[in-house]
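Undergrad: Requesting a structural model of the entry that follows:
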Amino acid sequence: MRRRRLWLVAALLLFAVAGFLLWHSDGPRPPPPPKVDIPRRLRPAEVTRMNQRAVLPVVQPKAEVRGPVRPRDPMLAALAFGKGSSAVVFEANALRYSPVGQLLLDCLASQGKDNPVQMLKDQYGIDVLKDLDRVAVTPHGLLLTGDFKTAKWDDLFQHASEDRYGDDARLYEIAPPERDGGEAPKPFESAVWNNQLVYLGNSSDDARAAIDRVEGRAPTEALITEDQTYGEVYGVLGTQEFLKMFPPEESELAQKFAAAAQQVELHVDARNDVGIQASIHGDSEQQVEDLGKSLAGMLSAARLEAKASGDDQLSQLLDFAQVQPDGSSFSLEMALPLDYLKKQLAWCHPDAGTP
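TA: As a prediction, this is how the structure comes out:
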């Protein structure tokens with residue numbers, strides 16, 4: 001879990017710093033990026049999708065709340081950790097039918113008997129290609145939504161203790177084997193709500209809190225709002241997730257980032273090619289600009305080195321990016337054409353061509 005989260009943060013940080021480099025570079029600008037759809041707002045199909053997912057009963061608001069109150073989306077309710085936290089949602093069903101999704105599935109299929117998709121279907125009755133709707137990656141664990149009526153939970157959690165919780169949830173706890181010496185590993189926690197939502201993590205408190213928010217027993221403060229659910233990947237990242245990426249020798253730069261950036265909002269359009277928009281927001285325009293200059297200085301030497309050493313992949317990645325500064329924030333837009341992605345995945349996709 002930690003490794004996946006760090007890779008996600010590392011990728012977004014790469015997009016951000018590459019954009020700052022292009023923004024502040026004194027050298028010639030790269031050619032315009034290819035014509036790739038960049039996600040900027042809810043599309044009509046996503047509005048329909050958003051409305052269909054609002055299936056939870058309305059929670060009675062406090063007296064000072066005004067205006068209409070909508071039914072709630074179970075995933076967004078479970079993710080309501082509050083401001084400053086992080087969560088990135090993958091629209092698994094939509095990605096499965098996208099060209100880049102097919103490339104990734106081919107990579108999994110190339111693993112033969114080790115293909116986790118086929119293993120889950122054969123052993124536990126979970127067909128992720130049909131049953132899974134969304135996956136959310138958070139510092140607290142994974143959240144999955146879909147239709148899991150055929151899942152064999154007793155087989156999947158056969159060595160776990162099971163408890164009923166709330167109105168329609170089951171909690172499972174698996175105690176991992178103890179290690180010789182050192183700190184005892186944390187138990188693995190899972191919560192299954194109404195065969196529609198699954199929590200996977202290592203905190204029983206987090207599992208119960210997620211179910212409480214879904215069933216309306218706990219107050220919620222939206223982390224991802226309905227109008228932010230556009231793209232095949234979307235979410236928000238708190239500053240603390242980025243700070244984990246800075247090495248100790250870059251403590252000064254890390255402090256500037258912590259002071260300038262309040263939140264990063266991410267959206268990815270993967271219907272054909274892949275278009276990425278990452279918006280970094282801060283309260284101070286001057287601090288955001290200073291942060292950009294610091295990052296540009298740190299990476300300008302790396303960019304020159306990539307060109308000098310003939311690192312075509314890195315150079316091409318930077319050529320696909322453009323930055324839109326906007327006062328106390330900036331938006332990095334990156335286009336990744338499908339042909340480019342095929343070349344990067346050629347090792348596991350025989351028809352992708354040579355890298």
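Undergrad: name the element residue 230 belongs to?
TA: For residue 230, there is no helix or strand it lies in under DSSP states H and E.
Undergrad: next one: residue 119
TA: Residue 119 belongs to helix 116-124, assigned by DSSP H and E.
Undergrad: Now do that helix, average pLDDT.
TA: Per-residue pLDDT values over helix 116-124 give a mean of 83.
Undergrad: outside of that helix, which residues touch it?
TA: The list of residues contacting helix 116-124 from outside it, by C-beta atoms under 8 Å, 6 or more residues apart in numbering, reads 105, 108-109, 126-129, 151-152, 155-156. To be clear about C-beta, it is placed using only N, CA and C from the backbone, and glycine gets the same treatment.
Undergrad: most neighbours, which of those?
TA: Using other C-beta atoms under 10 Å as the contact criterion, the top neighbour count among those goes to residue 126, which has 23 neighbours.
Undergrad: Grab the nearest non-local neighbour of that one.
TA: Here the nearest residue to residue 126 in space, its sequence neighbours aside, is residue 120; by C-beta to C-beta, 6 or more residues apart in numbering that works out to 4.6 Å.
Undergrad: Tell me what the residue nearest to the spatial centre of the chain is bridged to.
TA: Computing the C-alpha centroid of the chain and ranking residues by C-alpha atoms, centre = their mean puts residue 88 first, at 2.6 Å. Beta-bridge pairing of residue 88, defined through DSSP bridges, involves residue 137, residue 235.
Undergrad: For residue 186, see how far away it is.
TA: As for residue 88, its distance to residue 186 is 23 Å (criterion: C-beta to C-beta, to the nearest Å).
Undergrad: Same question for residue 154.
TA: Here the criterion is C-beta to C-beta. By it, residue 154 lies 23 Å from residue 186.
Undergrad: again, but for residue 276
TA: The gap separating residue 276 from residue 186 is 34 Å, by C-beta to C-beta.
Undergrad: can you check residue 250 too?
TA: Note on residue 250: its distance to residue 186, by C-beta to C-beta, is 30 Å.
Undergrad: Please apply the same query to residue 217.
TA: 25 Å.
Undergrad: related to what we said a few turns ago, render the CA-only coordinates of the helix holding residue 119 in CSV, please.
TA: Backbone C-alpha positions of helix 116-124 (Å, rounded to 0.1, in the frame of the first residue of the first chain) are rendered in CSV as follows:
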residue,chain,number,x,y,z
PRO,A,116,-4.2,-11.5,-10.2
VAL,A,117,-7.4,-10.7,-12.2
GLN,A,118,-7.9,-14.3,-13.1
MET,A,119,-7.0,-15.5,-9.6
LEU,A,120,-9.6,-13.4,-7.9
LYS,A,121,-12.3,-14.6,-10.3
ASP,A,122,-11.4,-18.3,-10.1
GLN,A,123,-10.9,-18.5,-6.3
TYR,A,124,-13.1,-15.8,-4.8
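Undergrad: in which helix or strand would I find residue 128?
TA: Applying DSSP H and E, one finds residue 128 in no helix or strand.
Undergrad: hang on, it packs against residue 90?
TA: No - using C-beta atoms under 8 Å, residue 128 is not in contact with residue 90; the gap is 11.6 Å.
Undergrad: mind listing what residue 215 touches?
TA: The neighbours of residue 215, taking C-beta under 8 Å, 6+ apart as the test, are 166-169, 193.
Undergrad: Quick check, pLDDT for it.
TA: Looking at residue 215 specifically, the model assigns a pLDDT of 92.
Undergrad: Tell me the spacing between it and residue 208.
TA: When C-beta to C-beta is applied, the distance between residue 215 and residue 208 equals 10 Å.
Undergrad: So, low pLDDT: which residues of the stretch 251-355 of the chain?
TA: Under the criterion of pLDDT under 70, the regions of the stretch 251-355 of the chain flagged as low confidence span 291-304, 306, 313-330, 347-355.
Undergrad: can you give me the helices for it?
TA: Taking DSSP state H, counting those that start in this stretch to define them, one finds helices in the stretch 251-355 of the chain at 251-260, 285-308, 312-319, 338-344.
Undergrad: How are the strands of the protein distributed by residue range?
TA: For the chain, the strands defined by DSSP state E occupy 87-90, 132-138, 141-146, 161-165, 169-174, 188-193, 197-201, 233-238, 263-269, 274-281, 321-326, 329-336.
Undergrad: could you redo those strands as JSON lines and give each row distance to residue 45?
TA: Putting the strands of the chain into JSON lines (distance: least, C-beta to C-beta, whole Å) gives the following:
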{"stretch": "strand 87-90", "distance to residue 45": "16"}
{"stretch": "strand 132-138", "distance to residue 45": "15"}
{"stretch": "strand 141-146", "distance to residue 45": "18"}
{"stretch": "strand 161-165", "distance to residue 45": "35"}
{"stretch": "strand 169-174", "distance to residue 45": "31"}
{"stretch": "strand 188-193", "distance to residue 45": "26"}
{"stretch": "strand 197-201", "distance to residue 45": "23"}
{"stretch": "strand 233-238", "distance to residue 45": "14"}
{"stretch": "strand 263-269", "distance to residue 45": "12"}
{"stretch": "strand 274-281", "distance to residue 45": "16"}
{"stretch": "strand 321-326", "distance to residue 45": "25"}
{"stretch": "strand 329-336", "distance to residue 45": "21"}
